[in-house]
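**Student:** okay, here's the prediction I keep looking at, along with the sequence it came from:
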Number of protein chains: 2
Amino acid sequence: MSLVVVGSMAFDAIETPFGKSDKIVGGAGTYIAWCASNFTPVKQISVVGGDFPQAELDALTNRKVDLEGVQIKKDEKTFFWSGRYHMDMNTRDTLDTQLNVLANFEPVVPETYQDCDFLMLGNLVPAVQASVIAQMKKRPKLIVMDTMNFWMEIAMDDLRKTISMVDVLMVNDSEARQLSGDYSLVRAAATIMKMGPKYLIIKKGEHGALLFHDNQVFFAPALPLEDVFDPTGAGDTFAGGFMGHLAKTGDISFENMKTAIIVGSAMASYCVERFGTERLREITKADIDNRLAEFVQLVNFDIDLVG
Amino acid sequence: MSLVVVGSMAFDAIETPFGKSDKIVGGAGTYIAWCASNFTPVKQISVVGGDFPQAELDALTNRKVDLEGVQIKKDEKTFFWSGRYHMDMNTRDTLDTQLNVLANFEPVVPETYQDCDFLMLGNLVPAVQASVIAQMKKRPKLIVMDTMNFWMEIAMDDLRKTISMVDVLMVNDSEARQLSGDYSLVRAAATIMKMGPKYLIIKKGEHGALLFHDNQVFFAPALPLEDVFDPTGAGDTFAGGFMGHLAKTGDISFENMKTAIIVGSAMASYCVERFGTERLREITKADIDNRLAEFVQLVNFDIDLVG
């Protein structure tokens, strides 16, 4: 089923304990598209400047990512972010942010995107996310939203409004605590689901992810890796795998969302093995299947023995 | 199969963000015995002072915990520990430690314990743990050892020697990093298994536990709880459930260790719901089965949908 993705396409400069990248291509929308296009065609909504490499756009087109909804502002510059990760790779300092084309981004949903069944709102200004929902003539079957603490600090009213419009919200553990005002993730989840979303995914980085719905909860671990080389884009890649699997199967049951979260976790485990989107560009279907099999081994146990 | 448990029996005084306990019964050996006795008879090795309540000993005897190996030093005092937990419940400050009877503890393995198939060495002075192994005329089928950072700081040589004698080592994530000198838990596990143990369990508190063996890894989550009321004894209870299940089934395959880790995690999730051993004393077989079913729901997914 058709998947529309909204998200930034950007330049990043990244420092980790393992090294330093040049100015490389990043952005939530970029990671989501590279990942989700393994599973289903993607219709992309974003904005870039004249400095964004045509070869990067062509590479996405070759992956069946439709770029009709990507605005190219020839005389402006692409969004730029620079950050440095700490040893634990779960915390980072932002060194520089240049909004550039994102400062006045007004997304336009092309007519050919209107048959959208699945809408993935990557982390962006909440009002921009809401504007995409508002432009959809028919409500998508499933709207999934990612966000971050930054918007809780400067645009909480808009954020609450957008959250109330979506089916699935994704945040990390500290954001879930901040949004709910509750330290307990179980109680935080109950509070956040009262804000609108019927499903909540709490991402815990190397500690995995939780999916909440009504009184049900599902947990997916992160694959234990020798090294997390660069965590940039791991959350976006997770979202891309989750949404890609759901759009491919067309099944939005809780049971299938569990599988989708495992797919997202498997894809994120590849993402962090190299700087930027490097690893996502080279993996094959066989690689994905192998890693999914590793997840089965990682969590599968036989409880019949207990009696 | 027969299970011998070595570990402290103590008094604890605990402060958490939720409240403060009186001086209550604790100690690694106590938690392990209360937990493991749900699955199999236990033969206990420990030491207490004349101040240790007879009613507490009787309660264990009623659970089929054999106390022949528990020395009662009438004129001395029981080991006492006092600590305060921080909000995240993963870190704590020790407020007071009075070794008392533990200062000169020389464990004696009774003749009736010599048919030991499973030996659980709860956290204790490494030389004391080694002394119990040395007294076993026939090597047990499986020797499992818990330890902590304290011994890495004051008795590393003894610790390394004891570690080299066991089959399964249990430590938490920061202890695994300290013992191996490696931040990556995957590499830390490889390093530690070269020290002797064929299996390594890394406990991550609310983030679950990892089991390593050769190139295999298994992950068990912690049950997401509304509140962790008191984490004291959670690791010991985990060990008791792990060892209790293995001793009950007599199966030490990697597959059965996976199940045993889930059993340990389920038991630990009960332990933390109240102060001390309170919750462990009241749960029934039906409670345990219910929680095991929750773990199945928590991690079970259908990967056949991915194709």
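**Tutor:** Received the coordinates, thanks.

**Student:** list the contacts of the residue of the stretch 51-200 of chain A found nearest chain B.
**Tutor:** Here the residue of the stretch 51-200 of chain A nearest chain B is A:Val186; by C-beta to the nearest C-beta that distance is 4.6 Å. The C-beta positions use only the backbone N, C-alpha and C, and glycine is treated the same way. A:Val186 makes contacts with A:217, B:224-226, as judged by C-beta atoms under 8 Å, 6 or more residues apart in numbering or on different chains.

**Student:** repeat that for A:Thr78.
**Tutor:** A:Thr78 neighbours (C-beta under 8 Å, 6+ apart): A:9-11, A:48-49, A:51-52, A:100-101.

**Student:** in PyMOL, how would I select the buried members of those residues?
**Tutor:** To isolate the buried members of these in PyMOL, using 16 or more other C-beta atoms under 10 Å in any protein chain shown:
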select buried, chain A and resi 9+10+11+48+49+52+100+101
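
**Student:** which of the contacts of A:Thr78 fall in helices?
**Tutor:** Taking DSSP state H, every one of the contacts of A:Thr78 sits outside helices.

**Student:** any idea of the pLDDT on the residue positioned nearest the centre of chain A?
**Tutor:** Per C-alpha atoms, centre = their mean, the C-alpha nearest to the average position across chain A is that of A:Asp236, at 2.6 Å. In this model, A:Asp236 is scored at 97, pLDDT.

**Student:** phi, psi of it?
**Tutor:** Backbone torsions for A:Asp236, taken as degrees, to the nearest 10, come to phi -70, psi -40.

**Student:** quick check: which element contains the closest residue to it other than its chain neighbours?
**Tutor:** Spatial nearest neighbour of A:Asp236, chain neighbours left out: A:Tyr31 (3.6 Å); criterion: C-beta to C-beta, 6 or more residues apart in numbering or on different chains. For A:Tyr31, the host element (DSSP states H and E) is helix A:28-36.

**Student:** mean confidence score for that helix?
**Tutor:** 98.

**Student:** count of residues packed around A:Ile303?
**Tutor:** When neighbours are defined as other C-beta atoms under 10 Å in any protein chain shown, A:Ile303 has 17 of them.

**Student:** which residues does it contact?
**Tutor:** With C-beta under 8 Å, 6+ apart, A:Ile303 has these contacts: B:259, B:262, B:292, B:295-296.

**Student:** which of those tops the neighbour count?
**Tutor:** Neighbours here mean other C-beta under 10 Å. Within the contacts of A:Ile303, the largest count is held by B:Ile262, at 29 neighbours.

**Student:** and it, its phi and psi?
**Tutor:** Main-chain dihedrals, B:Ile262, degrees, to the nearest 10: phi -60, psi -40.

**Student:** what ranges do the helices span in the stretch 201-307 of chain A?
**Tutor:** Per DSSP state H, counting those that start in this stretch, the stretch 201-307 of chain A carries helices over the ranges A:234-249, A:254-271, A:278-282, A:285-299.

**Student:** switch those over to CSV; also include distance to A:Ala176.
**Tutor:** Below are the helices of the stretch 201-307 of chain A laid out as CSV (distance: least, C-beta to C-beta, whole Å):
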stretch, distance to A:Ala176
helix A:234-249, 13
helix A:254-271, 16
helix A:278-282, 26
helix A:285-299, 22
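
**Student:** which of the ones you listed is buried the deepest?
**Tutor:** Across those, averaging neighbours per residue (mean count of other C-beta atoms under 10 Å in any protein chain shown) puts helix A:234-249 on top, at a mean of 28.

**Student:** helices or strands up against that one?
**Tutor:** Under the contact definition 3 or more C-beta pairs under 8 Å, 6 or more residues apart in numbering or on different chains; DSSP states H and E, helix A:234-249 sits against strand A:3-6, helix A:28-36, strand A:118-121, strand A:142-146, strand A:168-172, strand A:199-203, helix A:254-271.

**Student:** run the chain-centre distance for that helix.
**Tutor:** With C-alpha atoms, centre = their mean, to the nearest Å as the basis, helix A:234-249 stands 7 Å off its chain's centre.
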